[in-house]
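K.L.:
Quick check, what structure comes out for this input:
(2 chains)
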Protein chains: 2
Amino acid sequence: MNIINRSEIVKILRDLNLTRLIEEGFVSYSNKNAIVPPIGELHFKKPPGDVHIKYGYIIGNSYYVIKIASGFWENHKIGLPNGQGMMLIFCQNTGQPKALLLDDAHLTDIRTAIAGQICAKLFTNKINSIGVIGTGLQARLQVKYLSQITDCRKVFVWGRNKKKMKLYKDDMANVGFEVKCTALIEEVALKCNFIITTTASDKPLLMKNQILKGTHINAIGSDALGKRELGPGLIHKADLVITDSLEQCQHRGEISCAIKDGNFSIHQVKELGQVLSGKQKGRESDEQITIADLTGVAVQDIQIATAVYKKYLEV
Amino acid sequence: MNIINRSEIVKILRDLNLTRLIEEGFVSYSNKNAIVPPIGELHFKKPPGDVHIKYGYIIGNSYYVIKIASGFWENHKIGLPNGQGMMLIFCQNTGQPKALLLDDAHLTDIRTAIAGQICAKLFTNKINSIGVIGTGLQARLQVKYLSQITDCRKVFVWGRNKKKMKLYKDDMANVGFEVKCTALIEEVALKCNFIITTTASDKPLLMKNQILKGTHINAIGSDALGKRELGPGLIHKADLVITDSLEQCQHRGEISCAIKDGNFSIHQVKELGQVLSGKQKGRESDEQITIADLTGVAVQDIQIATAVYKKYLEV
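P.N.:
Coordinates of the predicted model:
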């Protein structure tokens, strides 16, 4: 069994073009060619923490993948990262363990950013400004990964903490983005026809009446029960609602909140892989409001882990 | 993160007294002091294989444990063991990975044998002869672990394959047991007041009318959907039916078969931890027929993995 640590993984990632692989993963998933059981969960109270086990395989591929990821929300108080993560790779023909990727959740961060990039490419109009709600790691990665699909380098960012906004602005300037900070979420909505929500908020931030025609939203932050970034009626108002997993979005994320609010049904939602394969339509006019609600599917983990391991074997 | 391989684990096990720890695990589980979510499963068709993810923790302990075990039933054709397994240990306070136990399923074999030993000690009359259905690894381990709780060294074994029976007889002679082989299951039932079933059979082997008064049965082999060793009505006939997990036995193992057969309800079953803690009665007379249906609970994995890791840290 190969133990591959984070620094090796970061090196390997430089030589990989993952977008196509993640797209293929979504298509396999929507075509029912991927086996992805419900997420395994463990919850802790003192101190508070959550563990997620995501696992599965694409039929006919060489490996199956099990990802173990955790968030322990008070870790930073003792100088540890809140998030932890690793992926395990096993042979589909024999069950033999092949590799342990000690990526410290880095691969999850990357595959999440790539899913955002895929949706941005598919569903946005020509981007005039990029709106970002939140100032954390995904607020950075989601924007960085846009470089490959848009020339737009203007960002409006909103965050609760002024210092963190300033830090965000400086960090993003270093990778070529011109960031304006704002204390008003409505300014983000007014100025940007593409908005990315990336907070761990448990209360709605972006409201229905703030969103202009032609806007696309990538809702990234709400990936578990109790998290919510979009206000009541916003999902209802959208002309197109996309999810990475029809199964999963009924139980977590923005769509599950909209269903609970009432007058919204899972039948109004399209799955990303279906749009990627051309079986469902995406945006149909410049006027449409579109929302992609991404809670993260094991098929992304399967694809990125497999790609890293195959590259590792080549080197 | 510590990587601990099988040979190190085998060495560490020599210095551990696990019975008490596994008993405490069952008690914690029955007292709802252990968090054990439903087993995660992956199934493969070509070649056929199953993966089980068992995980959880005891509230207030230091670690949580995730076990990944698989059976790929054609591995032996290419010279590999059918079963694979590993356990991962994480900190309950931070989520940090602490150890990977590359035990190749050895710890599962041991904790399964110890659960059998615990039930034998609790529920058998004075053992006159040990009956064993099956000639595999658990047929050996279950009997070996009886040395500590009975003076009886007489075994009647039944298996489909004569060569394997002979091999079993020789192996068990080396550890002090006098084994008689028989081609008739009814002979096992007639001669032995304690019977252990350890096959992967999908059809009943031990029948209701064969079982004499005063017999205790440890049903070990049937741990997944589709497996069954006890004939229709045998569970119904028993005066006492025990399970390691009331939750789990409704979906897998002999009790789930009895419930499907009809006229048997989960309310007629007692949980092992409740008997161990004295909250429920065990055998009440020498005449009673008692059956323990063990499908294996993550709390056993939690206890054995934690014990091995703590000992590893001491050394």
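
K.L.:
Can you name the residues that contact A:Met172?
P.N.:
By Cβ atoms under 8 Å, 6 or more residues apart in numbering or on different chains, the residues touching A:Met172 are A:140, A:143, A:155, A:179. From N, CA and C alone the C-beta is placed, and that goes for glycine too.

K.L.:
hang on, the third one packs against A:Glu178?
P.N.:
Yes - with contact taken as Cβ atoms under 8 Å, A:Val155 and A:Glu178 are classed as touching, separated by 6.9 Å.

K.L.:
between those two, who's got more neighbours?
P.N.:
Taking neighbours as other Cβ atoms under 10 Å in any protein chain shown, A:Val155 and A:Glu178 compare with A:Val155 leading, 25 against 12.

K.L.:
now the more buried one: how far from chain B?
P.N.:
Distance, A:Val155 to chain B, by Cβ to the nearest Cβ, to the nearest Å: 32 Å.

K.L.:
Could you do A:Cys249 as well?
P.N.:
To chain B, A:Cys249 is 20 Å away according to Cβ to the nearest Cβ.

K.L.:
likewise A:Leu21?
P.N.:
21 Å.

K.L.:
now do A:Val297
P.N.:
Using Cβ to the nearest Cβ, A:Val297 is found at 15 Å from chain B.

K.L.:
how about the residue most central in space within chain A, what does it touch?
P.N.:
In chain A, the residue lying closest to the centroid (Cα atoms, centre = their mean) is A:Thr112, at 3.4 Å. A:Thr112 is in contact with A:138, A:141-142, A:220, A:294, A:296, A:300, counting by Cβ under 8 Å, 6+ apart.

K.L.:
of all of the stretch 151-300 of chain A, which residue lies closest to chain B?
P.N.:
Nearest residue of the stretch 151-300 of chain A to chain B: A:Ala298, at 10.6 Å (Cβ to the nearest Cβ).

K.L.:
Go ahead and list the helix or strand containing the residue nearest to that residue when sequence neighbours are not counted.
P.N.:
Excluding the flanking residues, the one nearest A:Ala298 by Cβ to Cβ, 6 or more residues apart in numbering or on different chains is A:Lys54, at 4.0 Å. Per DSSP states H and E: A:Lys54 is located in strand A:49-58.

K.L.:
And that strand, what does it pack against?
P.N.:
Secondary-structure packing of strand A:49-58 (3 or more Cβ pairs under 8 Å, 6 or more residues apart in numbering or on different chains; DSSP states H and E): strand A:34-35, strand A:40-44, strand A:63-72, helix A:298-314, strand B:40-44, strand B:49-58.

K.L.:
domain parsing for chain A?
P.N.:
Domain assignment of chain A by automatic domain parsing yields the ranges A:2-107+A:299-314, A:115-297.

K.L.:
mind putting those domains in TSV, distance to B:Asn174 and mean pLDDT included?
P.N.:
Output for the domains of chain A, formatted as TSV (distance: least, Cβ to Cβ, whole Å; pLDDT from 0 to 100):
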stretch	distance to B:Asn174	mean pLDDT
domain A:2-107+A:299-314	30	96
domain A:115-297	52	97
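
K.L.:
near chain B, which residues of chain A show up?
P.N.:
By Cβ under 8 Å from any Cβ of the partner chain, the part of chain A that sits against chain B consists of A:1, A:3, A:35, A:37, A:40-44, A:47, A:49, A:51, A:53, A:55-57, A:64, A:66, A:68, A:70-72, A:75, A:78, A:80, A:84, A:86, A:88, A:90, A:92-97, A:100, A:102.

K.L.:
Narrow the residues you listed to just the buried residues.
P.N.:
For those, a burial check counting by 16 or more other Cβ atoms under 10 Å in any protein chain shown picks out A:35, A:37, A:40, A:42, A:44, A:49, A:51, A:53, A:55-57, A:64, A:66, A:68, A:70-72, A:75, A:80, A:84, A:86, A:88, A:90, A:92-97, A:100, A:102.

K.L.:
Now the residue lying farthest from the centre of chain A, what are its backbone angles?
P.N.:
No residue in chain A sits farther from the centre than A:Thr94, which is 31.7 Å out by Cα atoms, centre = their mean. A:Thr94 adopts backbone torsions of phi -130, psi -10, taken as degrees, to the nearest 10.

K.L.:
OK, contacts around it?
P.N.:
Going by Cβ under 8 Å, 6+ apart, the list of residues near A:Thr94 reads B:47, B:49, B:72, B:75, B:78, B:80, B:84.

K.L.:
The third one and A:Ile68: what is the separation?
P.N.:
When distances are taken as Cβ to Cβ, to the nearest Å, B:Phe72 and A:Ile68 turn out to be 22 Å apart.

K.L.:
residue of the stretch 101-250 of chain A with the smallest distance to chain B?
P.N.:
A:Leu102 (6.7 Å).

K.L.:
My understanding was that that residue contacts A:Asn5; is that so?
P.N.:
Yes - at 4.9 Å, A:Leu102 counts as touching A:Asn5 under the criterion of Cβ under 8 Å.

K.L.:
got any residues that touch both of those two?
P.N.:
Common contacts of A:Leu102 and A:Asn5, defined by Cβ under 8 Å, 6+ apart, are absent altogether.

K.L.:
any idea what sits nearest A:Leu107, other than its immediate chain neighbours?
P.N.:
A:Ile304 (5.0 Å).

K.L.:
Could you report the neighbour count for the one you found?
P.N.:
By other Cβ under 10 Å, the residues close to A:Ile304 number 28.

K.L.:
Going along the chain, name the strands of the stretch 1-150 of chain A.
P.N.:
Counting by DSSP state E, counting those that start in this stretch, the stretch 1-150 of chain A has strands at residues A:2-5, A:34-35, A:40-44, A:49-58, A:63-72, A:83-91, A:97-102, A:130-133.

K.L.:
typo on my end, the stretch 201-315 of chain A
P.N.:
Here the stretch 201-315 of chain A has its strands, by DSSP E, counting those that start in this stretch, at A:216-219, A:240-243, A:269-271, A:290-293.

K.L.:
coming back round to it: and which of the contacts of A:Thr112 is nearest to A:Glu24?
P.N.:
Comparing the contacts of A:Thr112 against A:Glu24 with Cβ to Cβ places A:Gln300 closest, at 10.8 Å.

K.L.:
By neighbour count, which of the contacts of A:Thr112 wins?
P.N.:
Most neighbours among the contacts of A:Thr112, by other Cβ under 10 Å: A:Ile220, with 29 neighbours.

K.L.:
Contacts only, for that residue.
P.N.:
Contact analysis of A:Ile220 by Cβ under 8 Å, 6+ apart lists A:112, A:116, A:138, A:142, A:196-198, A:294.

K.L.:
Select, from those, the two members most distant in space.
P.N.:
Within the contacts of A:Ile220, two members stand farthest from each other by Cβ to Cβ: A:Thr112 and A:Thr197, at 12.8 Å.

K.L.:
Verify the stated contact: A:Asn82 with A:Pro48.
P.N.:
No - when contacts are counted by Cβ under 8 Å, A:Asn82 is not listed as touching A:Pro48 (10.3 Å).

K.L.:
For these two, indicate the residue with more neighbours.
P.N.:
Neighbours were tallied for A:Asn82 and for A:Pro48 using other Cβ under 10 Å; the higher tally belongs to A:Asn82 (17 against 11).
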